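# I need the structure of the sequence given here:
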Amino acid sequence: MSVDTNKKYFFHNVYGDAQSLLDTKPEDVIAIPFGPDAETETNRNNYINDLGISPSCLPCLVWYKPSYREDTIINDQPSFQTFPAAWTELRFKEIDKSNWKWTYINNLLG
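Below you'll find the model as predicted:
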């Protein structure tokens, strides 16, 4: 299995709380259930291994965040910090459920 840095990986349970997101997911989102059978579990674990990041809650979205730089002022002096590219998790439990819409989610990703 190979992951694609242009795709987003949506981990969810099979109990239906994220059904509207599944029904409306964009083409660049791969749905990965935490499933009721061994085949589904193996598929999920393969994605987790390939991404190198394990979901901390469900649902969540894992996406590739390119390296970036943050400019700040510390003690009146310009400063910056560079963050490396990495797979990153967006935890839906931190988003009001009324905002569980792909337009809103994609705006959060930047």
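# in the chain, which segments are predicted with low confidence?
For the chain, the stretches with pLDDT under 70 are 1.
# and the residue sitting furthest away from the middle of the chain, how far is that from Val14?
Within the chain, the residue lying farthest from the chain centre (C-alpha atoms, centre = their mean) is Asp76, at 35.6 Å. Distance, Asp76 to Val14, using C-beta to C-beta, to the nearest Å: 54 Å. For the C-beta atoms, the positions are set from N, CA and C on the backbone; glycine is no exception.
# just Asn6 next, same as before
For Asn6, the distance to Val14 - C-beta to C-beta - is 26 Å.
# tell me the first helix or strand C-terminal of the top helix by length along the chain.
Assignment by DSSP state H gives helix 38-51 as the longest helix of the chain. Next helix or strand after helix 38-51 toward the C-terminus (DSSP states H and E): strand 60-65.
# tell me where the protein has helices.
Using DSSP H, the helices assigned to the chain run over residues 19-23, 38-51, 102-109.
# how about those in CSV, adding distance to Leu61?
Listed next are these as CSV, based on distance: least, C-beta to C-beta, whole Å:
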stretch, distance to Leu61
helix 19-23, 9
helix 38-51, 12
helix 102-109, 7
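# now for those, which one comes closest to Leu90?
Nearest to Leu90 among those is helix 102-109; the distance by C-beta to C-beta comes to 6.4 Å.
# can you give me the buried ones in that closest one?
Buried residues in helix 102-109, counted by 16 or more other C-beta atoms under 10 Å: 102, 105.
# that helix: how far from the chain's middle?
How far helix 102-109 lies from its chain's middle: 11 Å, per C-alpha atoms, centre = their mean, to the nearest Å.
# what's the angle between that helix and strand 60-65?
Relative orientation of helix 102-109 versus strand 60-65 (axes from the mean of the first three to the mean of the last three C-alpha atoms, to 10 degrees): 50 degrees.
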